[in-house]
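Peer 1: The sequence and its predicted three-dimensional model are supplied below.
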Amino acid sequence: MGWDLLVVLIAPFVVAVVCWWAPVAVGRALTVASGALTFVLAVLLVPAATTMAAGGWLRADALSVVFLVAVAFLYATTALFAVGYVQPAGDIDTAARYNRRFFAGLNLFAWSMAMAPVVNGFALLWVAIEVTTVISALLVAIDDTDGATEAAWKYVLIASMGLGIALLATIVMYYAGSSVFGGAYDLFYPKLLGAAGQFPAEVVRLSFVLAVLGYGTKMGLVPVHTWLPDAHSEAPTPISALLSGSLLAVSFYAILRFYQVTVRAVGPAFPRNVLLAFGLASLALGALYLASQRDLKRLFAYSSVEHMGILAIGMSFAAPIAVVGVLLHVLAHAAAKGTAFFGAGSVVRKFGTKDMDRIRGGVGALPWSGPMLVLAVLALCALPPFGIFRSEFLIVSGGLSDPRDAIAAVLVVLVTLATLGITWFSSQTMLTPDPLPDGTTSGETSAWIVAAMAVGLVALTVLGVHPPGQLSDLLTRAAHELGTGS
């Protein structure tokens, strides 16, 4: 094995290059094929123990594969959605040029996010996430509107600041390792994890706090989340889906890699307390902002802040079942948020606006994607039978077995508040019997959009009702790798 890791990284990159030069129809077809291939190869890695390639520079253990599957699944479904959604205005030449740039960028973005979980070492991880910033910022601004340009600049400035802090965290971790390995060594994960118990505790603590603050900027943790609502709202909808479901998860993966070392170096109490503080702030702010949004895509952006808070809080609980729930939540959130943004894109295409005060009778206007958007919203609210219900149930169960079980109660209260905010959108925009605006007719904008949403809902149902046995085993192994029970 090992060839599959290489193909996972090579295929999207090659397709991106082809999309830049090939006819639009060829680029679209290759993007769909590359997304499907990447997801299949990621699934094939699920039962494997540890896969190595490129002389050890690429490495996929259970933790890596969880995040790779999330990225690959959203890449595959977003490719389907983008084929039906991307229809730029202008003459034929302008539209073709936009399509080539867009699909080349989409594949490069997926390539960079797939690279982050499979590179072996903190330095390479930082480089991979830096690459995601450059590519995604260009994609946020690709529509060349004033709002998109402003959001892209804000994103670049804040994310660059965060990644500067993350680079400092990497340097500090390197310094911690130098006390054992000397002045020159590589930052490969197995080497650091094997010797972490000998690292100076205060140095590792500093590195972890810097990592949470730095990578937390890309993850959307409060108070370094301020780029996220603007970027999600102004980016093309396929990019919004990838930002929310994949990029935030990949940034969380980086924090978990630092968590692994920190738990082994100083014990679990310190990293859990740090994540708890950031998680509670993110969940509380996300829940409050959800109640006051009027922009459809900003609504789902603040939902992402909420769910990142849930992930951080889940990692603060001592019970292994909570960590399994966190990892399942990564997968379920990718599927749910991708589906929700696909539905939002369909609504925006139909009504020509993101202003929820001007959207009424969505289910009547969109007989397929409308009801599926409502189901995606219910999935984000952790209603059964969807995957987020199962993942949050596991997280809360782990929290209730923790000595600080009051935190689990706070989690439930804040999630309930967020549910009230986001379901208000459903009732007011999608389920009202109001007549359609003048010039708006009932019917879907694209069968590709419906197909992408259907795939996402099927995945959410499978994760909620009965996750495959090999996937459950993968989540358990990944939780063990994170040092649960330490």
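Peer 2: Yep, that arrived. Since we're looking at a predicted model, the values are computed, not measured.

Peer 1: okay, now the domains of the protein?
Peer 2: Segmentation of the chain into domains, based on automatic domain parsing, reads 1-118, 121-267, 269-486.

Peer 1: can I get these in CSV with mean neighbour count?
Peer 2: Yep, even glycine has a C-beta here, placed from its N, CA and C like the rest. Converted to CSV, the domains of the chain look like this (neighbours: other C-beta atoms under 10 Å):
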stretch, mean neighbour count
domain 1-118, 20
domain 121-267, 21
domain 269-486, 21
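
Peer 1: Redo those domains as a markdown table? Include mean pLDDT.
Peer 2: Shown next, in a markdown table, are the domains of the chain (pLDDT from 0 to 100):
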| stretch | mean pLDDT |
| --- | --- |
| domain 1-118 | 92 |
| domain 121-267 | 93 |
| domain 269-486 | 90 |
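
Peer 1: Pull up the gap between the nearest residue to R264 once chain neighbours are set aside and F258, please.
Peer 2: Leaving aside its chain neighbours, R264 sits nearest to A196 (3.8 Å; criterion: C-beta to C-beta, 6 or more residues apart in numbering). Distance from A196 to F258, counting by C-beta to C-beta, to the nearest Å: 11 Å.

Peer 1: same check, this time on L366
Peer 2: Here the distance between L366 and F258 works out to 43 Å (C-beta to C-beta).

Peer 1: Then A201?
Peer 2: Taken as C-beta to C-beta, the spacing of A201 relative to F258 amounts to 14 Å.

Peer 1: what does M52 give?
Peer 2: For M52, the distance to F258 (C-beta to C-beta) stands at 22 Å.

Peer 1: Same check on T353?
Peer 2: Applying C-beta to C-beta, the value for T353 to F258 is 42 Å.

Peer 1: helix/strand/coil for G443?
Peer 2: Using DSSP: H, G, I helix; E, B strand; the rest coil as the criterion, the local structure at G443 reads coil.

Peer 1: Who are the contact partners of it?
Peer 2: Under the criterion of C-beta atoms under 8 Å, 6 or more residues apart in numbering, the contact partners of G443 comprise 365-367.

Peer 1: Kindly indicate which of those lies nearest G421.
Peer 2: Each of the contacts of G443 was checked against G421 using C-beta to C-beta; the closest is L366, at 22.3 Å.

Peer 1: right, and the closest one touches S346 too?
Peer 2: Yes. Judged on C-beta atoms under 8 Å, L366 makes contact with S346 at a distance of 5.8 Å.

Peer 1: Quick check: neighbours shared by those two?
Peer 2: Residues touching both L366 and S346 comprise 373, 444-445, with contact defined as C-beta under 8 Å, 6+ apart.

Peer 1: Turn these into TSV, columns for distance to H307.
Peer 2: What follows is the shared contacts of L366 and S346, written out as TSV (distance: C-beta to C-beta, whole Å):
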residue	distance to H307
L373	17
E444	28
T445	27
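
Peer 1: How are the strands of the stretch 301-450 of the chain distributed by residue range?
Peer 2: Taking DSSP state E, counting those that start in this stretch as the test, none of the stretch 301-450 of the chain falls into strands.

Peer 1: For it, which segments are assigned as helices?
Peer 2: Here the stretch 301-450 of the chain has its helices, by DSSP state H, counting those that start in this stretch, at 320-351, 362-365, 369-380, 387-400, 406-425, 447-465.

Peer 1: Turn these into a markdown table, columns for distance to A104.
Peer 2: Putting the helices of the stretch 301-450 of the chain into a markdown table (distance: least, C-beta to C-beta, whole Å) gives the following:
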| stretch | distance to A104 |
| --- | --- |
| helix 320-351 | 20 |
| helix 362-365 | 32 |
| helix 369-380 | 27 |
| helix 387-400 | 32 |
| helix 406-425 | 33 |
| helix 447-465 | 19 |
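
Peer 1: To V15, which of the ones you listed lies closest?
Peer 2: Comparing the helices of the stretch 301-450 of the chain by their distance to V15 (C-beta to C-beta), the top pick is helix 447-465, with 17.6 Å.

Peer 1: for the strand or helix carrying V180, packing partners?
Peer 2: For V180, the host element (DSSP states H and E) is helix 146-181. Counting contacts by 3 or more C-beta pairs under 8 Å, 6 or more residues apart in numbering; DSSP states H and E, helix 146-181 is packed against helix 122-140, helix 189-195, helix 201-219, helix 227-234, helix 248-266.

Peer 1: Would you mind getting the angle between the first one and helix 227-234?
Peer 2: So the one you mean is helix 122-140. Inter-element angle recorded for helix 122-140 and helix 227-234: 40 degrees (by axes from the mean of the first three to the mean of the last three C-alpha atoms, to 10 degrees).

Peer 1: just the third one next, same as before
Peer 2: Per the same axes, to 10 degrees, the angle that helix 201-219 makes with helix 227-234 is 20 degrees.

Peer 1: Which other helices and strands does helix 201-219 contact?
Peer 2: Using 3+ C-beta pairs under 8 Å, 6+ apart, the elements in contact with helix 201-219 are helix 122-140, helix 146-181, helix 248-266, helix 269-290.

Peer 1: Please enumerate the helices of the stretch 1-150 of the chain.
Peer 2: Assigned by DSSP H, counting those that start in this stretch, the stretch 1-150 of the chain shows helices spanning 3-21, 24-44, 62-85, 92-118, 122-140, 146-181.

Peer 1: And M115, how close does it get to L44?
Peer 2: Counting by C-beta to C-beta, the separation of M115 from L44 is 18 Å.

Peer 1: and if you look at V14?
Peer 2: Note on V14: its distance to L44, by C-beta to C-beta, is 19 Å.

Peer 1: One more: L288?
Peer 2: Taking C-beta to C-beta, one finds L288 at 42 Å from L44.

Peer 1: mind listing what G362 touches?
Peer 2: Residues near G362 by C-beta under 8 Å, 6+ apart: 347, 350-351, 370, 373, 429-431.
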